[in-house]
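In: Test case, fold it:
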Amino acid sequence: AFEAPGVFGQVEQEITGRLTLASSARVDFHSTYGTRFSPRLSLLYRPGRWTIRASGGRGFYAPTPFVEEIEAAGLSRLEPLGKLKPETATTRSLDVGYARGPIEANVTLFASDMNDTTRIEPIGPAERANSVRLVNVAGQTRIRGSELLLRYRRGAYTVTGSYVYVDASEPNFDGSGRRAVPLTPLHTAGLVAMWEEHDKGRLGLEVYYTGKQPLEDNPYRTSGKPYFEIGLLGEIVVGKARLFLNAENLLGIRQTRYDSLLRPRRAPDGRWTVDAWAPLEGFALNGGIRLRFG
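Out: Down below sits the predicted model:
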C-alpha cells in the first residue's frame with residue numbers, strides 16, 4: 001500500500017484587458033516516490049474575434065499494476081512489481097480560435113514528451129511465455145499532433161467538422177529504433193449535422209472516420225483497416241410526447257468481419273481476445289417515447 005496526499009493551488013492574473021496569465025501547481029507527497037512538483041502555466045490573449053492560448057506543464061504518474069491488459073485478464077500472470085520509476089511528462093499546447101457571426105473555428109497544436117513510461121513485457125519468448133512483468137521503457141515516448149474544429153450555425157441548423165492528427169511513437173523493446181504507439185490512429189475525422197427546433201423535433205447525421213492504426217501482439221494483422229461510422233438520429237414532438245429513433249453504425253462495420261476476436265493461443269498476460277480496434281457491436285437501432293407531465 002502507498003499514500004499520496006497532495007496540495008493544489010491556482011492563481012489567475014489579468015495583465016491587460018486582453019491578456020490573462022494563469023498558473024497552477026500541485027505537490028504530491030508520495031510514500032514511495034517522494035515529493036513531486038507538477039506546475040502548469042497558461043497565457044490567454046483575446047484580440048477582437050480571436051482567442052489565443054499557450055500552455056505548458058509537467059506532471060508525474062506513479063506505476064500501478066492495473067493497466068488495461070491486466071484488468072482484462074486479472075493479476076494471476078503478472079509478476080510482483082520491481083523497482084519501477086514513476087512516469088514523467090512535459091506537455092505543450094497552442095490554441096487559436098476565431099468566431100464571427102455563424103462561423104467558429106479552432107486550431108490546436110499539442111506535444112508531449114514522456115519518460116519512463118511503463119508497459120507489459122512477456123517473460124521469456126513471447127510464443128511460450130505464460131507470465132508478464134511491468135517495466136519502464138528505456139527512452140522517450142513522444143506525441144505530436146493537431147486538431148481542427150469548424151462549426152457553422154444558422155437558425156435551427158448546425159454543422160460541425162473536426163479533424164485530428166496524432167503522431168505518437170515510442171522506443172522498441174530491444175532498443176532498435178522506434179515504433180508507432182499501438183491503437184493510435186494517425187488520422188481521425190468527424191462531421192455532425194443537426195437540425196433542431198424547440199417543441200418540434202430534431203434530426204441529426206453523424207459521420208466519423210478512423211484511419212489506419214498499428215496493432216500490437218495481434219496474430220491476424222499488424223495494422224487495423226480504416227473505417228467509417230455513420231449514424232442517424234430523429235425525434236419528433238407530438239403534444240407532450242417525444243418519439244425518437246436512433247440508428248448507429250449504418251454500414252455495419254464490425255471487427256469480426258475482418259478477423260476473429262479469439263486468439264489461437266492464450267497471450268502471456270492471460271487474455272484470450274485481441275485488442276479492439278474497430279466497433280464490436282455492428283449496426284444498432286433503437287427507438288422509444290418520452291412523455292412530459294405537467
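In: So residue 235 sits against residue 198, correct?
Out: No - in terms of Cβ atoms under 8 Å, residue 235 does not count as a neighbour of residue 198; the distance is 11.9 Å. Quick note: C-beta positions are derived from backbone N, CA and C, even for glycine.
In: of those two, who's got more company?
Out: Comparing residue 235 with residue 198 by other Cβ atoms under 10 Å, the one with more neighbours is residue 235, at 18 against 8.
In: which SSE is that one in?
Out: Assessed by DSSP states H and E, residue 235 sits inside strand 227-238.
In: Flag every buried residue along that strand.
Out: Across strand 227-238, burial judged by 16 or more other Cβ atoms under 10 Å covers 227, 229-231, 233, 235, 237.
In: could I get those as JSON lines with pLDDT?
Out: Listed next are these as JSON lines, based on pLDDT from 0 to 100:
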{"residue": "227", "pLDDT": "97"}
{"residue": "229", "pLDDT": "97"}
{"residue": "230", "pLDDT": "98"}
{"residue": "231", "pLDDT": "98"}
{"residue": "233", "pLDDT": "96"}
{"residue": "235", "pLDDT": "96"}
{"residue": "237", "pLDDT": "94"}
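In: other SSEs contacting the strand holding residue 235?
Out: strand 201-210, strand 241-248 (3 or more Cβ pairs under 8 Å, 6 or more residues apart in numbering; DSSP states H and E).
In: ok, so of the buried residues of strand 227-238, who is nearest residue 289?
Out: Among the buried residues of strand 227-238, residue 235 lies closest to residue 289 (Cβ to Cβ), at 10.2 Å.
In: got a list of what the closest one touches?
Out: Taking Cβ atoms under 8 Å, 6 or more residues apart in numbering, we find residue 235 in contact with 201-203, 242-245.
In: So how do I select the buried members of those in PyMOL?
Out: Selection command for PyMOL covering only the buried members of the contacts of residue 235, criterion 16+ other Cβ under 10 Å:
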select buried, resi 201+202+242+244
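In: Just the closest of the contacts of residue 235 to residue 9, please.
Out: residue 202 (43.1 Å).
In: For the closest one, give me its contacts.
Out: Applying Cβ under 8 Å, 6+ apart, the residues near residue 202 are 194-196, 233-235.
In: Just list whatever residues bridge to it.
Out: residue 196, residue 235 (DSSP bridges).
In: that older thread, as TSV, the buried residues of strand 227-238 with distance to residue 262 would be great.
Out: Output for the buried residues of strand 227-238, formatted as TSV (distance: Cβ to Cβ, whole Å):
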residue	distance to residue 262
227	21
229	24
230	28
231	28
233	34
235	39
237	46
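In: Pick out the most distant pair among those residues.
Out: Farthest apart among these - using Cβ to Cβ - are 227 and 237, which lie 34.4 Å from each other.
In: can you list the contacts of residue 235 in JSON lines and add distance to residue 213 and pLDDT?
Out: Listed next are those as JSON lines, based on distance: Cβ to Cβ, whole Å; pLDDT from 0 to 100:
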{"residue": "201", "distance to residue 213": "37", "pLDDT": "94"}
{"residue": "202", "distance to residue 213": "33", "pLDDT": "96"}
{"residue": "203", "distance to residue 213": "32", "pLDDT": "97"}
{"residue": "242", "distance to residue 213": "38", "pLDDT": "93"}
{"residue": "243", "distance to residue 213": "38", "pLDDT": "96"}
{"residue": "244", "distance to residue 213": "33", "pLDDT": "96"}
{"residue": "245", "distance to residue 213": "32", "pLDDT": "97"}
